[in-house]
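K.L.:
Sequence and predicted model, in that order:
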Amino acid sequence: MATPKQSNEQHQQQQQLNAQRVRNSGMINCNQSPMRDDKEEEMSRSALAMFRAKEEEIERRKIEVRDKVQAYLGRVEEETKRLAEIREELEGLTDPLRKEVSIVRKKIDNVNKELKPLGQTCQRKEREFKEALEAFNEKNKEKAQLVTKLMELVTESERLRMKKLEELSKTVDTLH
């Protein structure tokens, strides 16, 4: 039979092991087997890796869209400059070329109209991403607080049970 001192040391070791499990997996379950801990830890890691991969994919796509828009804007600016030069040359020419200048101007106007919604879409997507990230961070913070509270409750429960066990042990010892 274990002495109260040995029992207390074993209890402290168990508490440390439980605390380590909580830190590692974010979950507390006093009746878990080591295989279950590994599976839950692996599932947690897998979910985290999947989330990170999705976050990276979102970021990569966001950068791709931004780069495409920037490249498109750069080409449009170059085209606008070239068209302005062409317009100056055309103004020096005779009337038959004015029709072509008008067509080119209309094309520029159409491109500018297409650019505006693309810029707005890009800004909206960035705003949505930031909101989703903030919501995620808030929930993560809430989870951490709940896990901490759970740890405190479990520790207090174990302390009270150990105290009661020691009292019962003393009562049993006094009966003999």
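P.N.:
Looks like it came in fine. Numbering: from 1, shown residues only.
K.L.:
Quick one: mean pLDDT over the longest helix along the chain.
P.N.:
Counting residues, the longest helix in the chain under DSSP state H turns out to be helix 98-175. For helix 98-175, mean pLDDT is 93.
K.L.:
gap between it and the chain center?
P.N.:
Helix 98-175 has its C-alpha centroid displaced from the chain centroid by 6 Å (C-alpha atoms, centre = their mean, to the nearest Å).
K.L.:
cool, stretch 72-80 as well?
P.N.:
Offset of stretch 72-80 from its chain centre (C-alpha atoms, centre = their mean): 35 Å.
K.L.:
Can I get it in PDB? Just the C-alpha atoms.
P.N.:
The C-alpha trace of stretch 72-80 is given here as PDB (Å, rounded to 0.1, in the frame of the first residue of the first chain):
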ATOM      1  CA  TYR A  72      -3.100  45.200 -65.800                       C
ATOM      2  CA  LEU A  73      -3.000  48.700 -64.400                       C
ATOM      3  CA  GLY A  74       0.600  49.100 -65.600                       C
ATOM      4  CA  ARG A  75      -0.300  47.900 -69.100                       C
ATOM      5  CA  VAL A  76      -3.300  50.200 -69.100                       C
ATOM      6  CA  GLU A  77      -1.100  53.200 -68.100                       C
ATOM      7  CA  GLU A  78       1.500  52.300 -70.800                       C
ATOM      8  CA  GLU A  79      -1.300  51.900 -73.300                       C
ATOM      9  CA  THR A  80      -2.800  55.300 -72.200                       C
END
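K.L.:
Would you mind checking the average pLDDT for it?
P.N.:
For stretch 72-80, the mean pLDDT works out to 92.
K.L.:
what does that stretch contact?
P.N.:
Residues from elsewhere that reach stretch 72-80, judged by C-beta atoms under 8 Å, 6 or more residues apart in numbering: 108, 111, 112, 115, 118. C-beta: built from backbone N, CA, C; applies to glycine.
K.L.:
Okay, buried residues for it please.
P.N.:
Within stretch 72-80, no residue is scored as buried using 16 or more other C-beta atoms under 10 Å.
K.L.:
one step back: turn the contacts of stretch 72-80 into a markdown table, columns for neighbour count and distance to residue 74.
P.N.:
Output for the contacts of stretch 72-80, formatted as a markdown table (neighbours: other C-beta atoms under 10 Å; distance: C-beta to C-beta, whole Å):
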| residue | neighbour count | distance to residue 74 |
| --- | --- | --- |
| 108 | 16 | 15 |
| 111 | 14 | 13 |
| 112 | 11 | 14 |
| 115 | 14 | 12 |
| 118 | 14 | 13 |
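K.L.:
okay if I get these as a markdown table plus distance to residue 173?
P.N.:
Listed next are the contacts of stretch 72-80 as a markdown table, based on distance: C-beta to C-beta, whole Å:
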| residue | distance to residue 173 |
| --- | --- |
| 108 | 97 |
| 111 | 92 |
| 112 | 91 |
| 115 | 86 |
| 118 | 82 |
